[in-house]
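Asks: A predicted structure for the sequence below; I have some questions about it.
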Amino acid sequence: MKSNMIISIVFVAIIIICCNDNSVTPLPPNKLSTTLSGSVILQNQNEYSNALVYLDSLNRGVSTDSSGNYNFTFNKGDSVYTGEFKVRYFLNDYDMDSARVFLVKGKVKLDTLDVDGEGKINIKQLKQIVRIEGWTDKQEYRIGDILKFTARFTNVTNRKVPLFIPSIFNQLGYVGLYNDKYMPFTLSSCDPVMLDMEIDLYSHYEGSVKYKIRDRYYCANGEPFLPAEYIVTTGVYIDGRIINHFESKFYKYIVEEWYKIHRGPSPKYDLFPNKYQFPHIRIIQ
């Protein structure tokens with residue numbers, strides 16, 4: 001009888017202990033991933049290619065595709081990186097944004113900071129600062145023809161925007177012709193000065209210039225000009241970005257590495273990440 005009582009008391013004690021145990025089974029540690037992905041939406045655009053997504057400190061960048069998607073892949077060489085890192089989003093004519101990721105020996109820690117459990121960063125929506133567009137007086141030219149190029153810079157924000165535009169005698173100084181297959185050709189001077197201006201709220205600056213299409217150009221190392229289709233561009237710097245690029249690893253990357261990245265439909269020699277609306281022309285024999 002005594003033994004039965006002892007067994008009953010022990011059984012009840014076990015039940016009481018179990019019922020009063022408030023401990024929670026620990027969650028498994030955050031998983032790691034060798035990939036990081038996300039997407040970008042650009043204001044006033046129908047397709048979202050050409051945005052630079054840059055991993056700070058790793059000095060690595062990728063370009064968004066036409067749907068705005070991007071992807072980073074990490075390998076064994078990245079095992080030296082552990083800690084919090086910043087992802088930067090950049091186009092020259094858009095406001096910048098950033099996100100935070102945590103790496104553990106070169107792998108992305110999931111469900112941490114701005115990364116979800118699938119290794120994705122939430123969609124970034126970037127706002128346009130300036131709409132930059134240009135046009136020419138014709139669509140076809142021959143060597144020796146005069147090309148007239150006009151560019152307009154429109155402030156699409158509710159604040160003043162400082163611009164730096166390459167200029168010669170207060171005209172558009174830098175006008176270039178670009179094609180994926182050839183060296184870039186410069187119609188204007190190789191060393192224009194910078195026209196410093198501020199564009200007021202919802203206003204614009206417009207400038208035109210004429211240049212002769214020659215058979216070869218000093219700025220292209222004397223290379224002969226080849227008949228083909230070209231994009232006509234001019235330079236522009238916004239908010240002082242990129243000009244002093246040696247002071248920033250990020251801007252230095254844009255100036256020295258960006259043009260090497262595959263960027264889908266964008267011209268290879270498009271100088272900076274942008275959504276400029278510049279014209280395409282054809283040089284014929």
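Replies: In hand now; what should we look at? Residues are numbered from 1 along each chain as shown.
Asks: so who does the nearest residue in space to residue 244 that is not next to it in sequence touch?
Replies: Leaving out its chain neighbours, the residue that sits closest to residue 244 by C-beta to C-beta, 6 or more residues apart in numbering is residue 251, at 7.6 Å. Using the backbone N, CA and C atoms, a C-beta is placed for each residue, glycine as well. Residue 251 makes contact with 241-242, 244-245, according to C-beta atoms under 8 Å, 6 or more residues apart in numbering.
Asks: ok, the residue nearest to the spatial centre of the chain to residue 272 distance?
Replies: Residue closest to the mean C-alpha point of the chain, counted by C-alpha atoms, centre = their mean, is residue 52 at 1.9 Å. Residue 52 sits at a distance of 8 Å from residue 272 (criterion: C-beta to C-beta, to the nearest Å).
Asks: okay, and the common contacts of those two?
Replies: With C-beta under 8 Å, 6+ apart, residue 52 and residue 272 have common neighbours 254, 258.
Asks: okay, now residue 64: neighbour count?
Replies: The number of residues packed near residue 64 is 27, by other C-beta atoms under 10 Å.
Asks: for it, which non-adjacent residue is closest in space?
Replies: residue 51 (4.3 Å).
Asks: so who does the residue nearest to the centre of the chain touch?
Replies: Per C-beta under 8 Å, 6+ apart, neighbours of residue 52: 61-63, 88-91, 254, 258, 261, 273.
Asks: do the same with residue 91
Replies: So residue 91 contacts 42, 50-52, 126, 273-275 (C-beta under 8 Å, 6+ apart).
Asks: so what's residue 157 scoring on pLDDT?
Replies: For residue 157, the pLDDT comes out at 93.
Asks: so it sits against residue 129, correct?
Replies: Yes - the pair residue 157 / residue 129 is scored as a contact, 5.7 Å apart, by C-beta atoms under 8 Å.
Asks: out of those two, which sits in the more crowded spot?
Replies: Each of residue 157 and residue 129 has its neighbours counted (other C-beta under 10 Å); residue 129 has more, 22 against 14.
Asks: list phi and psi for the more buried one.
Replies: phi -100, psi -50 (degrees, to the nearest 10).
Asks: does it really touch residue 160, like I thought?
Replies: No - Residue 129 is beyond contact range of residue 160, at 10.8 Å (criterion: C-beta under 8 Å).
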